[in-house]
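Asks: this is the structure alone, sequence omitted:
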């Protein structure tokens, strides 16, 4: 698991959460500016990670727990566009399976 004992990803020396305007946030903003990336919020990394996990087929329950959402239904509501992409992928897979079976 990539979280520490407090359940937080980034903590101060006492294990408390870091305020977003502290060191990590400022470094992130400098990195984004240095690579001439469009305006990006630090929180966007959280969304990107969740989307990549869902697209990789990770369990929605695991993603929900990592994000700290109260339910997996809420997580799916937030990432509905990902679930639609996943539906299309599933449709394509099933179509290919049916074609393969019908060729036998």
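Replies: That came through fine. Just so it is clear, the structure is predicted and the values come from calculations on it, not from any experiment.
Asks: OK, contacts around the closest residue to residue 53 other than its chain neighbours?
Replies: In this structure, residue 53 finds its nearest non-sequential neighbour in residue 63, 5.0 Å apart by C-beta to C-beta, 6 or more residues apart in numbering. For the C-beta atoms, the positions are set from N, CA and C on the backbone; glycine is no exception. Residues in contact with residue 63 (C-beta atoms under 8 Å, 6 or more residues apart in numbering) are 50, 53, 54, 72, 75.
Asks: count the neighbours of residue 79 for me.
Replies: Using other C-beta atoms under 10 Å, the number of residues around residue 79 comes to 21.
Asks: tell me which stretches of the protein form helices.
Replies: Taking DSSP state H as the test, the helices found in the chain are 23-34, 43-55, 60-67, 72-78, 80-102.
Asks: any idea of the mean pLDDT for the longest one?
Replies: In other words, helix 80-102. Mean pLDDT, computed over helix 80-102, is 85.
Asks: where does the protein dip in pLDDT?
Replies: Segments of the chain classed as low confidence (criterion: pLDDT under 70) are 1-10, 18-22.
Asks: again, only this time at 90
Replies: Across the chain, residues meeting the criterion (pLDDT under 90) sit at 1-33, 36-49, 51-52, 54-57, 68, 76-90, 93, 99-104.
Asks: if we can go back for a sec, so which of the helices of the chain gets nearest residue 16?
Replies: Proximity to residue 16 (C-beta to C-beta) singles out helix 23-34 among these, at 13.4 Å.
Asks: pull out the buried residues from that closest one.
Replies: Across helix 23-34, burial judged by 16 or more other C-beta atoms under 10 Å covers 25, 28, 32.
Asks: hang on, the last one packs against residue 40?
Replies: If I follow you right, that is residue 32. Yes. Between residue 32 and residue 40 there is a contact under C-beta atoms under 8 Å: 5.0 Å.
Asks: including distance to residue 13, could the helices of the chain go into JSON lines?
Replies: As requested, the helices of the chain are exported to JSON lines (distance: least, C-beta to C-beta, whole Å):
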{"stretch": "helix 23-34", "distance to residue 13": "12"}
{"stretch": "helix 43-55", "distance to residue 13": "23"}
{"stretch": "helix 60-67", "distance to residue 13": "24"}
{"stretch": "helix 72-78", "distance to residue 13": "32"}
{"stretch": "helix 80-102", "distance to residue 13": "36"}
